[in-house]
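Engineer: have a look at this prediction, sequence included:
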Amino acid sequence: FVNRNSEIQSINKKKEKMEYISTTTLANECNLQTSDLFNLLKKLNWIDRINNKWILTETGKKKGGILKNHPKFGEFIAWPEDIDVPLDSSGTKSKLLNATNIGKHFNISSQRLNLILSELGWIKKNLSGWEPTKLGKSLGGKQFEHEVSGGTYVLWPDNIVNNKILITSLSETPTSTTDTIPKSDNQYKNSNSDSFREKFPATFRTKDGHFVRSRAEVIIDNALYDYNLAHAYERKLPIEEDIYADFFIPSEGVYIEFWGLEDDPKYNERKKIKQEIYKNYDFKLIELNDNDISNLDDHLPKKLLKFGIKVY
C-alpha cells in the first residue's frame, strides 16, 4: 500500500513538472485549424462531444490529456507539450515542431536547443519568451503565444531537423563556448578566404588558449577574456555561404570583425562582401580597425554597450 502511494505521488509530481498546452495551441503546433484538430482527436477517440461540450475520453487520459481550469475561460482539455499526434495523411498539412520536439530528435533539452537557435541568429529573446528573427522567419519559424501564460514561443516546419546548418552547428558546438571550432580541410578549400588563411596562419596564442592570426587579434581576444565574455574565434556564420566571423559572443549573438588590411584591394573586396552579408541577414556586428586597436579599452566597451553588453 505504501509503495502504491509512493508510485502515485511520483506520477503526480511528474505531471506537475510537465508543461501542458491547450487544444488550440496544439492545433497551431500541428499547423491545423482548431476545428480540424478537434475532429481528428474525436476520430482517434481521445475526446468526445457530449451535450455540446468536449470531454476527455479514457484513451485521451492515457495519452496524457488532463482537465485544467482557467479563471477567465473555465475548464478546458490540455495536453503534454511533447505529445505526438498521428496526423491524417489525407490532406493534413505538415506538422510544426516546437523546441521540445526538435530537442528530442537531437537528444538535447529544449533549453539548449533554443540557445543554439539563438546563437544561429534564428530566434531572439523578447519580454515574454522567444520570437523568430528575419532569418528565422525565412526558414519557416512562426511565433505563437500560450493561451494561459501569455508566453511566446517559435514553431518550425518539420523539415527543420534536416537543416544542414542546424545539424552542423549541433555537431560542431563545443562544450565550452571559448573553444575554437575545428574546421575540416574541405571547409578551408571551399572558403573564399583560402589564400588569406594560407598567408596568415593562426600562430599567435592568446590568454585563453586560442590561436589567432595577428597581434591585433591577440589584443581583441585578450580584451574579451579580460571582460569575462565567453567567445569563439573564427565562428562560421549560420548561413549557406562559407563565411567565418573573426569573433563571436554567443550569449548576445554578436559578431566581431577586425579589418586589418584595408590598403589591400582584394581584402577590401572580401570586406565589402562580408559587410553585405551581415546586413542582409540582420546579424549584430561590431567592426574594428587599426585605429580602434591602439586604444581598444576606449572603443570596444562602447561598441559592446550598443548591443546591451556592459563590461565596466
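Structural biologist: That came in fine, so what should we check first? As the structure is a prediction and not an experimental result, all values here were calculated from the model. Numbers count the residues shown, from 1 in each chain.
Engineer: using the three-state scheme, assign Ser169.
Structural biologist: Following DSSP: H, G, I helix; E, B strand; the rest coil, the label given to Ser169 is helix.
Engineer: need the per-residue pLDDT for it.
Structural biologist: If you check Ser169, the pLDDT there is 78.
Engineer: I'd guessed it sits against Ile116; true?
Structural biologist: Yes: counting by CB atoms under 8 Å, Ser169 touches Ile116, with 6.0 Å between them. Any C-beta I mention is one placed from the backbone N, CA and C, and that applies to glycine too.
Engineer: name the spans of the stretch 51-200 of the chain whose pLDDT lies under the cut-off.
Structural biologist: 88-94, 147-149, 172-200 (pLDDT under 70).
Engineer: helices along that one, start to end?
Structural biologist: 58-62, 99-106, 110-119, 134-138, 164-172, 185-190, 194-199 (DSSP state H, counting those that start in this stretch).
Engineer: which stretch among these comes nearest Leu37?
Structural biologist: Shortest distance between Leu37 and the helices of the stretch 51-200 of the chain, using CB to CB, is found for helix 58-62: 12.8 Å.
Engineer: only alpha carbons, please: show the closest one as PDB.
Structural biologist: Presented in PDB, the C-alpha positions along helix 58-62 are these (Å, rounded to 0.1, in the frame of the first residue of the first chain):
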ATOM      1  CA  GLU A  58     -10.100   7.200 -21.200                       C
ATOM      2  CA  THR A  59      -8.000   6.900 -24.300                       C
ATOM      3  CA  GLY A  60      -7.300  10.600 -24.200                       C
ATOM      4  CA  LYS A  61      -6.300  10.300 -20.500                       C
ATOM      5  CA  LYS A  62      -3.900   7.500 -21.300                       C
END
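Engineer: next one: it to chain centre, how far?
Structural biologist: 34 Å (CA atoms, centre = their mean, to the nearest Å).
Engineer: please apply the same query to stretch 224-242.
Structural biologist: Chain-centre distance of stretch 224-242: 15 Å, with CA atoms, centre = their mean.
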